[in-house]
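Engineer: below is the structure, and that's it, no one-letter string:
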Ligand SMILES: Cc1cc2nc3c(=O)[nH]c(=O)nc-3n(C[C@H](O)[C@H](O)[C@H](O)COP(=O)(O)OP(=O)(O)OC[C@H]3O[C@@H](n4cnc5c(N)ncnc54)[C@H](O)[C@@H]3O)c2cc1C
C-alpha cells in the first residue's frame, strides 16, 4: 500500500496527543499534522468515565474540541486506526490496516491500559468510553457488584454503582481506601463517606481469597495501569515500564517524542494524571515545532468528588510520614473545611491534603504553590479563615 507523508504524526488522540497538536499549532500553522486514534470517537475527557457512568454519560460526548476544530486547525484525524510498529531509521510508522505513514517528527501518546487481574470470571475494565457504555448496559441486570481496587478509580466506581442503586462491595489489597494517595485520616473520611452511603468496604481483601464469584453479578476492576508500549517492542526506543523521555519530551530516537501516561515520569507525582498529560503533550508539541520548552515540576493535584464531599491531594505520598525532615500542621476544622494537613520541610512547602470547599484548593493552595510560595505563605493564605495548630 502506498505511503503518506506528514510533517508531524501523533499516535494516540487523547489528552497528551491533542495537547501535542495544540503545541505544534501554536508555533507552526501550516505544517501537516496527523492525529491517530485506535478509538472510534473523537478525543474526549477520559476522566469523566468514572464520574458519569451512572447516567450512561447522558447525552454528553465530553469532547475535548468540537468536531469542526480539527478541520479548522488543518489537523487530519484517523479514527479506529492502530499503530503496530515504528521504524525510526526510515521515519516510518505502520498501521494495523497496512498503511505506512512517513513522518518528519512523531509523538508517542498512546497512553496506558488497565492492569488485569488473574481471574477466570469475566472481569470488566474501564479505560475507554465504549467500555463504560458496555458496563452500563450489563449493569442493568446486576444486583450486586464487586469493585476490585480501592484506589481513586475504584472509589469513584463504587460511588457510581451506588448511584445506580446496586449493592456494592469495594475490595482491595490496601489497608484503607486510596492508601497511596492520602494520609490515614483522609482515608478514614473517604471510607466513612462510602459506608454512610451503603458501600461495603472490604480492605485488605483480594478476590482470590473467596474461592467463588457467585456472590456478585458483576466484577469491575481498577488495579492500576501499564503504559501502552507493546507496539514499540521492535522499534529500538528506550523503555523502562514506559517510554524514557528527557525534560523536552525527547525519546532515545531522533525526531521522536513521547508524552502522557506512556512516558516514564520525569518528576514524581506526574504519572497517571490528566493535567500532567496535557502539560507534557503541549511541551512535546512546542519542541516538535522548533520551539524550546522544558518540563518543570508542577502542582498537579488529585481531586475526588465523592457523593457531596470534595477531597484534594497535592504531592502526597506515604513515605512523607516517615521522613524525619518533614513536618506537618493540621488546620482547624470549620464549616467549609473538614480536614486540612500541610506538610513542609523547613520553610519549603511539600504537600497538601484537605477535605472541604473546592475553592480552597482552586483559589488558594494550587495558585500559591504554582507561584513558588513558601510553606508559611500557603498556611497564611488559608489561615485567614482558620487557626493553625501543630500536629
Ligand atoms: C476512568 C478514569 C478516570 C480518571 N480520572 C482521573 C482524574 O480524576 N484525574 C486525573 O488527573 N486523571 C484521571 N485519569 C487518568 C487520566 O485520564 C490519564 O492520565 C490521561 O487520560 C492520560 O492521557 P494520555 O493522552 O497520555 O493517554 P490516554 O488518555 O490513555 O489516551 C491514549 C490514546 O491512545 C490510543 N492508543 C493506544 N495505543 C494505540 C496505538 N497503538 N495506536 C493508536 N492509538 C493508540 C488509546 O486508544 C487512547 O485513545 C482517569 C483515567 C481513567 C481511565
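Structural biologist: That came through, no problem. All values reported here derive from a predicted model rather than from experimental measurement.
Engineer: close to the ligand: what parts of the stretch 101-250 of the chain are there?
Structural biologist: Taking CB under 6 Å from any ligand atom as the contact definition, the stretch 101-250 of the chain meets the ligand at 109, 110, 111, 112, 126, 127, 153, 228, 231. C-beta coordinates here come from the backbone N, C-alpha and C atoms, glycine included.
Engineer: just the buried ones from those, in ChimeraX syntax?
Structural biologist: The ChimeraX command for the buried members of those (criterion: 16 or more other CB atoms under 10 Å) is given here:
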select :109,110,111,112,126,127,153,228,231
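Engineer: what about the residues of the stretch 101-250 of the chain next to the ligand, which are in strands?
Structural biologist: residue 112 (DSSP state E).
Engineer: max pairwise distance over the residues of the stretch 101-250 of the chain next to the ligand: which two?
Structural biologist: The span of those, defined through CB to CB, is set by 153 and 231 at 24.2 Å.
Engineer: in the stretch 1-150 of the chain, what residue is nearest the ligand?
Structural biologist: Using CB to the nearest ligand atom, residue 111 is the residue of the stretch 1-150 of the chain that sits closest to the ligand, at 2.1 Å.
Engineer: ok, back up a step: save the residues of the stretch 101-250 of the chain next to the ligand as TSV, and put in pLDDT and distance to residue 143 too.
Structural biologist: Listed next are those as TSV, based on pLDDT from 0 to 100; distance: CB to CB, whole Å:
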residue	pLDDT	distance to residue 143
109	98	40
110	98	37
111	98	33
112	97	32
126	97	20
127	96	25
153	97	22
228	95	34
231	97	39
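Engineer: tell me where the stretch 1-150 of the chain has strands.
Structural biologist: 3-11, 33-36, 75-78, 83-87, 92-95, 100-108, 112-114, 123-125, 144-148 (DSSP state E, counting those that start in this stretch).
Engineer: for the spatially closest residue to residue 315 that is not a sequence neighbour, give me its contacts.
Structural biologist: Once flanking residues are discounted, residue 315 sits nearest to residue 351: 4.4 Å by CB to CB, 6 or more residues apart in numbering. Going by CB atoms under 8 Å, 6 or more residues apart in numbering, residue 351 touches 313, 314, 315, 316, 317, 320, 342, 343.
Engineer: of all pairs in the residues you listed, which one is the farthest apart?
Structural biologist: Checking the contacts of residue 351 with CB to CB, the most distant pair is 317 and 342, at 14.9 Å.
Engineer: can you list the domains in this structure?
Structural biologist: Domain assignment for the chain by automatic domain parsing gives 3-113+225-288, 116-221, 308-390.
Engineer: roughly how far is the second one from the heart of the chain?
Structural biologist: The offset between the C-alpha centroid of domain 116-221 and the centroid of the whole chain comes to 18 Å, using CA atoms, centre = their mean, to the nearest Å.
Engineer: just the last one next, same as before
Structural biologist: Here domain 308-390 is found 22 Å from its chain centre; the criterion is CA atoms, centre = their mean.
Engineer: I'd like the average pLDDT over it.
Structural biologist: Mean pLDDT, domain 308-390: 91.
Engineer: which strands and helices lie in contact with the longest helix seen in the chain?
Structural biologist: Longest helix in the chain, counting residues (DSSP state H): helix 274-288. Applying 3 or more CB pairs under 8 Å, 6 or more residues apart in numbering; DSSP states H and E, we find helix 274-288 packed against helix 15-27, strand 100-108, strand 256-258.
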